[in-house]
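Engineer: Below are the sequence and a predicted model for it; my questions follow.
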Amino acid sequence: MMLAKKKRMLLTFSGVIGDRRLAFLAVRRRYWNDIIMKTNLSFANPSEVETECLAVLVLDHGSKDKDKSEVSVETNDSAIKDVTSDLLSTGEVTGKIFETTLLHRPAKLKAKRLLLLAGGKAKNFTASELRKLAGAAVRHLKPKGIRSFAFVAPDSMPADQAVNALVEGAFVGNFDPDTYKSDRKDQKIDSFTVVARGDQSRLQKTMDEARIIGESQNFTRELVNEPGNRMTPTILAERARKMAQETGLKVEVYGADKLKELKMGAFWGVAQGSDEPPALIVLRYEPADAPATPVLGLVGKGVTFDTGGISIKPADGMEKMKYDMAGAAAMIGAMRAIALLKPKSRVIAIICATENMPSGKAQKPGDIQIAMSGKSIEIINTDAEGRLVLADGLSYARQLGCTHLIDAATLTGAVVVALGYVNAGVFANDEKMYERFDHAVQKAGEKFWRLPVDDEYKENIRSNIADIVNSGGRWGGAINAAMFLKEFAEDTPWLHLDIAGTAWMEENKPWIAKGPSGIAVRSLVEFARGFAG
C-alpha cells in the first residue's frame with residue numbers, strides 16, 4: 001500500500017494528470033490568485049484620488065516634556081488637513097503606532113473613506129514603520145470587504161523610499177495562511193495605489209522592483225506554509241523548477257544517486273531514514289554581462305518535515321516542523337526576485353531538501369558520517385540535522401565556484417532563547433562581507449543580530465572518535481551550530497543566518513498574519529543587487 005501511494009505521487013508530479021493532482025492544483029490556483037495584487041502609481045492631489053479608501057499617515061510631533069501629543073497628518077494636501085483638523089484637535093487620535101481611525105464620506109475628498117494610520121513619534125519614524133503600516137492598512141481594510149485603496153506617501157520621507165516601503169508592506173499584509181479551508185472567505189486587496197510626488201519614471205521603477213520583492217517574499221511564505229504531505233522534497237523541487245522556467249533561471253535537480261556520487265555523506269545520513277527521496281536543487285543566475293567572479297552562493301536548509309529522527313522531538317508543536325525548510329524557501333524566493341531584477345552579478349543557489357524521519361534505515365546517535373569535504377562527523381543528536389545537510393551544501397557551492405557564501409536555516413532553538421522572536425541570528429567569518437550584509441539589512445528593514453564565532457567555541461564541537469561532533473551541547477547552542485558550519489565554509493567569506501525564531505510568526509500582528517514570515521528574502525535580494533558593486 002505504501003509503495004502504491006508513493007508511485008502515484010511520483011507520477012502525479014511528473015506530468016500525469018489524475019484526480020489527486022487536479023484537486024491539488026485547484027486549491028493552489030485559488031491561493032496564488034489571492035496573493036497577486038495590482039500596484040498603481042498616482043501623481044494626483046490626494047484629495048482628488050477616487051478610491052474606496054484613502055490611507056494617510058498620522059505622526060505625533062510632541063516632545064517628552066509636553067503633556068499632550070501633537071498629532072498631524074503627514075501630507076500637505078489642504079483638503080485632507082481641513083477634514084481632519086477637528087478630529088485631531090479633540091485628542092481622540094493619540095498617534096500611537098497602529099492606531100486606526102476610519103472616516104466615511106469625508107468632505108472635499110473624492111475618496112469614499114479616509115483611513116488615518118498612526119505611526120508613533122515622528123522622530124522615531126522610519127521606512128520600516130511605514131512598511132508595517134502599509135501591511136496594517138491592508139489587514140484592517142480587507143475584512144471590511146474593501147478590495148482596492150490608495151495610500152498617500154508621506155511628504156517627510158524621500159518618495160522612492162516611501163513607495164518601496166508601502167508596496168512591500170502591502171504585499172506582506174495581503175497574505176493569509178488559511179489555504180485549505182473549505183469555507184475560506186474572499187478577503188484580499190486586488191489593487192493598491194500609492195499617491196506620491198516626484199520623478200514618474202524613477203518612482204515607477206521603484207514600484208515595479210518593490211512589487212517583485214513583495215511577490216517573491218509571499219512566494220517564499222507560500223512554500224513554507226504547505227504541510228509536509230504537500231511539500232515533500234520532490235514537490236519542492238518541482239516548485240523550484242517551475243519558478244525557474246518562468247523567470248529564466250537555469251535549474252538542475254538531483255536525487256540520491258547524485259548525493260552518493262558527490263560523497264555527500266552528511267546530507268545522505270539525514271535523508272536515508274525517509275521513504276521520500278531527497279532532492280539536491282541547483283538554481284543558477286548567470287547573466288551574460290556579469291563578470292566571472294565574484295559568485296555568490298546561497299545555500300538553504302530544506303528539511304520539509306523534521307521529526308528529529310531517532311532523537312525524536314516531543315509531540316507538542318511537532319506539526320510546525322513543516323517550516324523547517326524556511327531557509328530553502330527563502331533562497332528560492334530570493335532567486336526569483338534576483339532573476340526578475342537582473343543584477344549584474346552571478347548567483348547560484350543550492351537547496352538541500354530532505355525529510356528527517358525515524359525508521360530502521362535512519363542514522364543513529366553515535367554513527368559516523370563522512371561529509372563531502374572529507375571531514376568525519378560523530379552524530380550526537382539526530383535532531384541536529386540541519387547543519388549536516390548544509391555542510392555538504394556549502395562544500396558543493398564551493399565546488400561549483402562560489403567565492404562568497406550565505407546559508408539560511410531554521411537551525412537552532414538556542415537562537416530563539418538568545419534573541420527571541422524579534423531578531424534572527426547572523427554569524428560571519430569575514431568583516432567586509434558582514435558589513436555589506438548589514439547595509440543590505442538596514443535597507444531591507446529586517447532585523448538580524450550578530451553573534452560570535454570565536455575560535456574558543458571550536459572546543460565545543462571536538463570529537464574523541466571523529467573530526468567533529470554535530471551537537472556541541474546546550475550552552476551556546478546557536479554558536480556551536482555556526483562553528484560546525486564554519487568548518488565547511490573554510491576560508492571562503494561566509495555568512496550564516498539562523499532564522500529559527502523569525503521564520504514563523506507565533507501570533508497575528510497588525511501588519512502580518514500568524515504563520516510564515518518570509519524572513520531574509522528582502523535582505524538577500526538587497527545584498528545580491530549590490531554584490532558586484
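Structural biologist: Happy to help now that I have it. Numbers count the residues shown, from 1 in each chain.

Engineer: how about low-confidence regions in the protein?
Structural biologist: Counting by pLDDT under 70, the ranges of the chain that qualify are 1-35, 64-68, 533.

Engineer: try 90 this time
Structural biologist: Where the chain drops to pLDDT under 90, the residues are 1-36, 62-69, 182-187, 473-474, 532-533.

Engineer: Would you list the phi and psi of residue 384?
Structural biologist: When read as degrees, to the nearest 10, the backbone of residue 384 gives phi -90, psi 60.

Engineer: How much space separates it from residue 485?
Structural biologist: From residue 384 over to residue 485 the distance is 11 Å, taken as Cβ to Cβ, to the nearest Å. In this view, the C-beta of every residue, glycine as well, is placed from N, C-alpha and C.

Engineer: do residue 345 as well
Structural biologist: 23 Å.

Engineer: same question, residue 415
Structural biologist: Taking Cβ to Cβ, one finds residue 415 at 13 Å from residue 485.

Engineer: ditto for residue 336
Structural biologist: The value you get for residue 336 to residue 485, if Cβ to Cβ is used, is 25 Å.

Engineer: Assumed residue 172 was part of a helix.
Structural biologist: Yes - per DSSP: H, G, I helix; E, B strand; the rest coil, residue 172 lies within a helix segment.

Engineer: dump the residue contacts of the closest residue to it other than its chain neighbours.
Structural biologist: Distance criterion Cβ to Cβ, 6 or more residues apart in numbering; nearest residue to residue 172, sequence neighbours excluded, is residue 135 at 4.7 Å. By Cβ atoms under 8 Å, 6 or more residues apart in numbering, the residues touching residue 135 are 169, 170, 172, 173, 510, 511, 512.

Engineer: just residue 469 next, same as before
Structural biologist: Taking Cβ under 8 Å, 6+ apart as the contact definition, residue 469 lies against 377, 378, 379, 380, 461, 462, 463.

Engineer: Tell me how many other residues crowd the second one.
Structural biologist: When you say that, I think you mean residue 378. When neighbours are counted by other Cβ atoms under 10 Å, residue 378 registers 20.

Engineer: residues contacting it?
Structural biologist: 366, 367, 368, 463, 465, 466, 468, 469, 470.

Engineer: continuing past the longest helix anywhere in the chain, what's the next helix or strand?
Structural biologist: For the chain, the helix reaching the highest residue count under DSSP state H is reported as helix 200-225. For helix 200-225, the succeeding helix or strand toward the C-terminus, using DSSP states H and E, is helix 233-247.

Engineer: Can you give me the buried ones in that next one?
Structural biologist: Residues 233, 234, 235, 236, 237, 238, 239, 240, 241, 243, 244, 247 are the ones in helix 233-247 that count as buried (16 or more other Cβ atoms under 10 Å).

Engineer: residues near residue 132, how many?
Structural biologist: Here the number of neighbours of residue 132 (other Cβ under 10 Å) works out to 23.

Engineer: rewinding a little: which one of the contacts of residue 135 is nearest to residue 498?
Structural biologist: Of all those, residue 498 sits closest to residue 512, with 20.3 Å by Cβ to Cβ.

Engineer: Verify the contact between the closest one and residue 170 for me.
Structural biologist: No - counting by Cβ atoms under 8 Å, residue 512 does not reach residue 170; the two are 11.5 Å apart.

Engineer: Of these two, which one has the most company?
Structural biologist: residue 170 (30 against 22).

Engineer: Which one's more surrounded, residue 415 and residue 485?
Structural biologist: Ranked by neighbour count (other Cβ under 10 Å), residue 415 and residue 485 place residue 415 first, with 29 against 25.

Engineer: what residues are up against the more buried one?
Structural biologist: Neighbouring residues of residue 415 by Cβ under 8 Å, 6+ apart: 424, 425, 451, 477, 478, 498, 500, 501.

Engineer: same thing with residue 46?
Structural biologist: 54, 56, 75, 77, 79, 80, 109, 150, 152, 195.

Engineer: and if we set it to 10 Å?
Structural biologist: Applying Cβ atoms under 10 Å, 6 or more residues apart in numbering, we find residue 46 in contact with 54-56, 73, 75-77, 79-80, 109-111, 114, 150-153, 195-197.

Engineer: Out of the residues you listed, list just those in helices.
Structural biologist: Among the contacts of residue 46, the residues falling in helices (DSSP H) are 79, 80.

Engineer: The residue nearest to residue 451 when sequence neighbours are not counted in helix, strand or coil?
Structural biologist: Nearest residue to residue 451, sequence neighbours excluded (Cβ to Cβ, 6+ apart): residue 425, at 5.1 Å. At residue 425 the chain is in strand, as set by three-state DSSP.

Engineer: correct me, but residue 425 touches residue 450?
Structural biologist: Yes - using Cβ atoms under 10 Å, residue 425 is in contact with residue 450, at 7.9 Å.

Engineer: Looking at these two, which one has more neighbours?
Structural biologist: Neighbours were counted for residue 425 and for residue 450 using other Cβ under 10 Å; residue 425 has more, 26 against 14.

Engineer: From residue 500, how far out is residue 419?
Structural biologist: 9 Å.

Engineer: can you give me the strands for the stretch 351-500 of the chain?
Structural biologist: Ranges of strands in the stretch 351-500 of the chain, per DSSP state E, counting those that start in this stretch, are 368-370, 376-378, 404-409, 424-428, 448-450, 468-469, 494-498.

Engineer: ditto for the stretch 1-150 of the chain
Structural biologist: Going by DSSP E, counting those that start in this stretch, the stretch 1-150 of the chain shows strands at 38-42, 54-60, 71-73, 100-104, 113-121, 148-152.

Engineer: Could you identify which of these is most buried?
Structural biologist: Most buried of the strands of the stretch 1-150 of the chain, by mean neighbour count (mean count of other Cβ atoms under 10 Å): strand 54-60, with a mean of 27.

Engineer: Thank you kindly, that will do.
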